[in-house]
Structures are given as structure tokens and as C-alpha cells.
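[1] just need the structure, nothing else, for what follows:
(one chain, ligands or ions: 1)
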Amino acid sequence: MTSTAISGARMLSVGTALPDKVVTNHDLEQMVDTSHQWIVERSGIHERRIGGSTSGLAAEAAQMAIERSGVDPASIDLLILATTSPDRQVPATASTVQELLGLRCGAMDLNAACSGFVYGLIAAHGFIQMGHSRILVIGAETLSRLTDWTDRSTCILFADGAGAAIIEKTDGPGDLHGWHVDSNGALEEALFCDFDDKIQMAGQAIFKNAVLAMENAARKSLEMANLSPDAIDLVVPHQANVRIVEASCKRLGIPYEKASMVIHKTGNTSSASIPLALEDAWTQGRVNKGDNLLLVGFGAGMTSAAAVITWDGI
Ligand code: UT7
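    Prediction:
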């Protein structure tokens, strides 16, 4: 596919929300035939958060991002909500979130599975190039509703949460230097959830393809940004499995220590995982003005997306 470089927008701030209820691996040992040791060794997950609604978590994360940015909520032109677990089939959960926040703007859901937040971020930069000034991009999920809690191959992974970012028009060239989006629908059966059913996954097939898709999306976006992997200060990957991130970093030649990881405490929150990992790095002081960040995700579909941005936010 062909992509063209875009400019003129920057990410100002990030915010997050997690449900209060913590489900540990030891809790799961009481529900299915598994062990804390197996889950940690195979995925890196120690505990996850469960509860709430997609709209409620999204609104909470968005409120934090808005407050941190200092922008007037009335000046937000568009709300993009990346989710695979909307509150309802119709209307878009983005409209519910808009009402919860008291915004008057365009609102839409975007489903690109776990790559959704990066797709939303790239789309927001495009909308700004076409004239919008401020866009709220959210990734929010309540995957616990779609999880079969008797299936040990999936219930140990998925969880709930939300992350949000404010994207603002800027006079300069903007923070997005390279991006890439992709999908391989031939792999649809490897990870899906039918209406009124639960998530079904062929874990190993997803694992292998995820590593390749992450590497490909990252390389394409780095190429567009004209940057080599060693110019990246922080990798913000989709949090599906520590081993997937380790393998992807190795293939890219980026030290794993440069990756922001929250999976041990959040599990896999699909669209929410990248903003959760970004905010975690930001609160730890790992994100500073001028740093080059590589946001990279993959998911059902099999979608993938990457964005190289230079941090110019708060
Ligand atoms: O957001 C994107 C979506 N998903 C992903 O990215 C998931 C990608 N895949 C993965 O992360 C990994 O494939 C899993 C963590 C899901 C599984 O790890 P694995 O190393 O690929 O394990 P496996 O599926 O090959 O299973 C190995 C063994 C099997 O037993 P046998 O056949 O060797 O006797 C499984 O039945 O582990 C068994 N097993 C478990 N054992 C204890 C599967 N799930 C569990 C479990 N506890 N929860």
C-alpha cells in the first residue's frame, strides 16, 4: 500500500481509566485449570482489571486527558473511539461518550481490533490536515463481557480499560513523521467474536503473525520517517504478550528495555493497551519533549498499525 507523510498536528496529553476490580492469576486458578506460573511465563500477565462499561471507562480516560491538556472541551471538533466492545451495536459508543463529557462535536466508533488506537491517531492527524483543530482519540474496551471464563486459553489474557489522547493542530510540521496501517483478512478465523458469543482464538497462529506484522508496520513507518530503529527512544507496543514484544524488538534491533510495558498489571485491553502503556511511561518520566516514540499494534483481522511521533505534548 502507499502512504504519504502528513503534518500539522501534535499529541498534547494522555489520560487513562481502569476498573477497580483486580483479578489475579491466583483468582483464575480457582476458575480454570491454570497456574500463576504458566500465565506469567507464557504471557507476562500477573493481574488484570475487570468491570465498568466501555463508555464509562472511555469518558473517565478522556476527562483526564482533557484536564491535563488544558483545552476547552467546547473546542473539540471530533471524538474517535477505537473499540471492539461497544456498549451497543447501535448507536456508536462514541456518541454516548460525547454526551457523558458534554461535548458538541462529531463522534464515531472505529474498529480495527487491537490496532484501533493507532488507526484513530493517524485518522485524527488526517482530519486536522483537512481543517479540524482538536480531536479526542480514545481506545476503550470491556473485553471481560466477550470472554468465555471457562476457556483457559483466552480468559487469562483479556481485560478492561481505557486510554485517551488530545490531538491538536499546530503551526509547525507536527509530531507524526511516519505511519503505516495494514490488514490481512485471510486470518479472520484465527481470532473472532460472533454476535452474542465469546472470543475464540488460535493463540499460536496469532502469535507468529503478530511478530511479523509488528515488525513490518514498524519498519514501514520508520522508513517513512527516515529514521533508523536506534533513533527510537521509546516503543509503545500493543500489550498482548511480553514474548511477542520481546521477539518484535529483537527483530527490529531495538532493546526490549525501550518498550513501555503494562501488561503485567492490565492484561490485554485491545484498543486501550497502547494509550495505557504510553500514559504509564509518561507518568514515570520516560516521555520527554523531542523523544521519538514508536507506537505499534496488531490485532484480529489481522490488522496492524504503527506511528512514529516526536513527543511535543505536556
Ligand atoms: O491482541 C491480540 C490477541 N491475542 C494474542 O496476541 C495472543 C497471541 N498468543 C499468545 O499470546 C499465546 O499463544 C498464548 C499465551 C495464548 C498461549 O501461549 P503458547 O505458548 O502459545 O501456548 P500453547 O497455546 O501452545 O499451549 C501450550 C500448552 C497446551 O497444552 P499441551 O497441548 O502442550 O498439553 C495448552 O493446552 O499449554 C496449555 N494451555 C494452558 N495451560 C495452563 C493453554 N492455556 C493454558 C492455561 N494454563 N491458561
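
[2] which residues of the stretch 101-250 of the chain lie near the ligand?
    114, 152-153, 156, 191, 201, 203-204, 206-207, 210, 240-241 (CB under 6 Å from any ligand atom). Using the backbone N, CA and C atoms, a C-beta is placed for each residue, glycine as well.

[3] out of those residues, which end up buried?
    With burial judged by 16 or more other CB atoms under 10 Å, the buried subset of those is 114, 156, 191, 201, 203, 206-207, 210, 240-241.

[4] which members of those occur in helices, if any?
    Among those, the members falling in helices are 203, 206-207, 210 (criterion: DSSP state H).

[5] quick one: Gly70 from the ligand, how far?
    33 Å (CB to the nearest ligand atom, to the nearest Å).

[6] contact partners for that residue?
    Gly70 sits next to Ile314 when contact means CB atoms under 8 Å, 6 or more residues apart in numbering.

[7] Ala281 versus that one, what's the distance?
    As judged by CB to CB, to the nearest Å, Gly70 and Ala281 stand 21 Å apart.

[8] show me where the stretch 1-150 of the chain has its helices.
    Under the criterion DSSP state H, counting those that start in this stretch, the stretch 1-150 of the chain contains helices at 25-29, 36-43, 54-69, 93-101, 116-129.

[9] ok, stretch 300-314 near the ligand or not?
    No. Using CB under 6 Å from any ligand atom, stretch 300-314 never reaches the ligand; the gap is at least 6.7 Å.

[10] correct me if wrong: Val181 contacts Phe117.
    No. The criterion here is CB atoms under 8 Å, and Val181 misses it with Phe117 at 12.0 Å.

[11] okay, the two: which has more neighbours?
    A direct count of neighbours by other CB atoms under 10 Å for Val181 and Phe117 places Phe117 higher, at 35 against 20.

[12] residues contacting the more buried one?
    Residues near Phe117 by CB under 8 Å, 6+ apart: 82, 137-139, 163, 271-275, 295, 297.

[13] list the buried residues of the host helix or strand of Arg243.
    Under the criterion DSSP states H and E, the helix or strand holding Arg243 is helix 242-252. Neighbour counts over helix 242-252 (16+ other CB under 10 Å) mark 242, 244-245, 247-249, 251-252 as buried.

[14] with stretch 86-94 instead?
    For stretch 86-94, the buried set under the neighbour-count rule, 16+ other CB under 10 Å, comprises 86-87, 92-94.

[15] tell me the two of those that are most distant?
    Longest distance between any two of the buried residues of stretch 86-94 is 10.3 Å, between Asp87 and Ala94; criterion CB to CB.

[16] please identify which of the buried residues of helix 242-252 is nearest to the ligand.
    The nearest member of these to the ligand, counting by CB to the nearest ligand atom, is Ile244 at 6.1 Å.

[17] you'd agree the closest one is up against Ala210?
    Yes. The criterion here is CB under 8 Å, and Ile244 meets it with Ala210 at 5.1 Å.

[18] and for Ser43, the neighbour number?
    By the criterion of other CB under 10 Å, Ser43 has 22 neighbours.

[19] contacts only, for the residue of the chain found nearest the ligand.
    At 2.9 Å from the ligand, Gly203 is the closest residue in the chain, using CB to the nearest ligand atom. With contact taken as CB under 8 Å, 6+ apart, Gly203 is in contact with Ser153.

[20] quick one on the thing from earlier: now render the buried residues of stretch 86-94 as a markdown table, adding distance to the ligand and pLDDT.
    Putting these into a markdown table (distance: CB to the nearest ligand atom, whole Å; pLDDT from 0 to 100) gives the following:
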| residue | distance to the ligand | pLDDT |
| --- | --- | --- |
| Pro86 | 17 | 98 |
| Asp87 | 21 | 98 |
| Ala92 | 22 | 98 |
| Thr93 | 19 | 99 |
| Ala94 | 21 | 99 |
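
[21] for the spatially most central residue of the chain, give me phi and psi.
    Closest to where the C-alpha atoms of the chain average out (CA atoms, centre = their mean) is Ile274, at 3.3 Å. In terms of degrees, to the nearest 10, the main-chain angles of Ile274 are phi -70, psi -50.

[22] check it and give its pLDDT.
    pLDDT, Ile274: 99.

[23] pLDDT score for the nearest residue to it once chain neighbours are set aside?
    Nearest in space to Ile274, with sequence neighbours left out and distances taken as CB to CB, 6 or more residues apart in numbering, is Phe117 at 4.7 Å. pLDDT, Phe117: 99.
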